[in-house]
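Asks: Would you be able to build a 3D model of this:
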Amino acid sequence: MEPRSLEGMAAFIRRVCRPNGEPEATFSSPTASEVPTPASEPPIAGIEIDSSSWVAGFEPPPEAPLYTLYNDQPPPHAGQESDWQWAQKALDSGDVQEATVVGWNRGGLLVQWASLQGFLPASQLQHMIRYTSDEERDTAFASRVGEALRLRVIEVDRNRSRLVFSERALQWGQNNGQGLWQSLAAGQVRIGRVRNLCDFGAFVDLGGIDGLIHISELSWRHIKHPSEVLQIGQETEVFVMAVEPERKRVALSLKKLTPDPWTNIEERYHVGQVVRGVVTNVLSFGAFARIEDGIEGLIHISELAEGNFLDPRNVITEGDVVTVRVLSFDPANRRLALSMRQARPTDPDTPAKPPAPGPME
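Replies: Here you go, the predicted model:
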């Protein structure tokens, strides 16, 4: 180390460490032969200097951990790694854990467990929170902030920083209800109870495990909301489409309990036949009409009525009961062409199967 460096270092340390009022000590620059080696450098003002660290460029002391940033993300909390290991053990053992609600999102509650934040899906609450609007949901979820809950860990994914809890899993017993998961299999028909309805589908309780019926699997006909088919608390049979125990997911279907109406459409309808239908959607190029559950056909704008008009809504509206003639159908592509213009109420043909009473009412 250069003599000037030692002189400056010593002067700085003396200024910092001398008692109040003590005059600053003088320092004479030593000769090169008087400069001690790092190993024999004496302590100054009662402080030991790790000369190796200072000479190496002011490296931090070893007790200050160094973190490497990955993908520009901040380093993990010092205790999180051990907590992730603890979470995995809790998942494997099925032991009951306690976590505190600290927030929420549209899907459920956010909980704090040790140094980790976990997620408690609304479908995994012991008592389902019912709501009909986003405001009601937020109010219900907000009322639970600060509440301490007894939960079980049902999913741990360290790579995705995903930690999922369940309150309903408390009734499963040890091993996170593996017996129930192992008994579920694709192709089964189970009886469940509807626990919640949302825009994308319905959650059904199968006896401690929730399965999802996606809105596309609720009916062969097009529906806008699951409430058109099911109600919360209703008991219903469901078809098990897929089971993923590792992800705690079960895919269910309601429509697969009944035959696909397109498979034998030729047995019920023929070209030229006049039938009744219910208008389900009106678009710029025409309208769609349902002649039975799961069977909808297009009435092109040119087949709505005689004369010229720019907007099909000048002729029909959604919900109208109309008389139409079958122009063509393609079961493979689920296409059916209908005509109002070519249908005559006095036509002797009769529908092979009128629409279900519900839609016609």
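Asks: Could I get the buried residue list for the host helix or strand of Glu81?
Replies: Here Glu81 sits within helix 80-93, counting by DSSP states H and E. Going by neighbour count (16 or more other CB atoms under 10 Å), the buried part of helix 80-93 is Gln80, Asp83, Trp84, Trp86, Ala87, Ala90, Leu91. No exception for glycine: its C-beta is placed from N, CA and C like everyone else's.
Asks: Summarise which helices and strands that helix is packed against.
Replies: If contacts are counted by 3 or more CB pairs under 8 Å, 6 or more residues apart in numbering; DSSP states H and E, helix 80-93 sits against strand 116-121, strand 148-157.
Asks: Swap in 6 Å and give it another go.
Replies: strand 148-157 (3 or more CB pairs under 6 Å, 6 or more residues apart in numbering; DSSP states H and E).
Asks: what angle separates the following helix or strand past the strand it packs on from strand 148-157?
Replies: Counting by DSSP H and E, the next helix or strand C-terminal to strand 148-157 is strand 162-166. If you take axes from the mean of the first three to the mean of the last three CA atoms, to 10 degrees, strand 162-166 sits at 140 degrees to strand 148-157.
Asks: what angle sits between strand 162-166 and helix 80-93?
Replies: Using the same axes, to 10 degrees: strand 162-166 against helix 80-93 is 40 degrees.
Asks: Output strand 162-166 as CSV, restricted to C-alpha atoms.
Replies: What follows is strand 162-166, C-alpha atoms only, in CSV (Å, rounded to 0.1, in the frame of the first residue of the first chain):
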residue,chain,number,x,y,z
ARG,A,162,-46.8,-20.3,-6.6
LEU,A,163,-48.1,-21.4,-3.2
VAL,A,164,-51.8,-22.4,-3.1
PHE,A,165,-53.8,-23.1,0.0
SER,A,166,-57.2,-24.7,0.7
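Asks: Could you name the helices and strands sitting against it?
Replies: Against strand 162-166 (3+ CB pairs under 6 Å, 6+ apart) you get strand 116-121, strand 148-157.
Asks: Dump the ones you listed to CSV, plus distance to Ser253, mean neighbour count and mean pLDDT.
Replies: As requested, the helices and strands packed on strand 162-166 are exported to CSV (distance: least, CB to CB, whole Å; neighbours: other CB atoms under 10 Å; pLDDT from 0 to 100):
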stretch, distance to Ser253, mean neighbour count, mean pLDDT
strand 116-121, 21, 19, 92
strand 148-157, 23, 19, 90
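Asks: For those, give me CSV that also has distance to Phe239.
Replies: Conversion of these to CSV gives the following (distance: least, CB to CB, whole Å):
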stretch, distance to Phe239
strand 116-121, 23
strand 148-157, 24
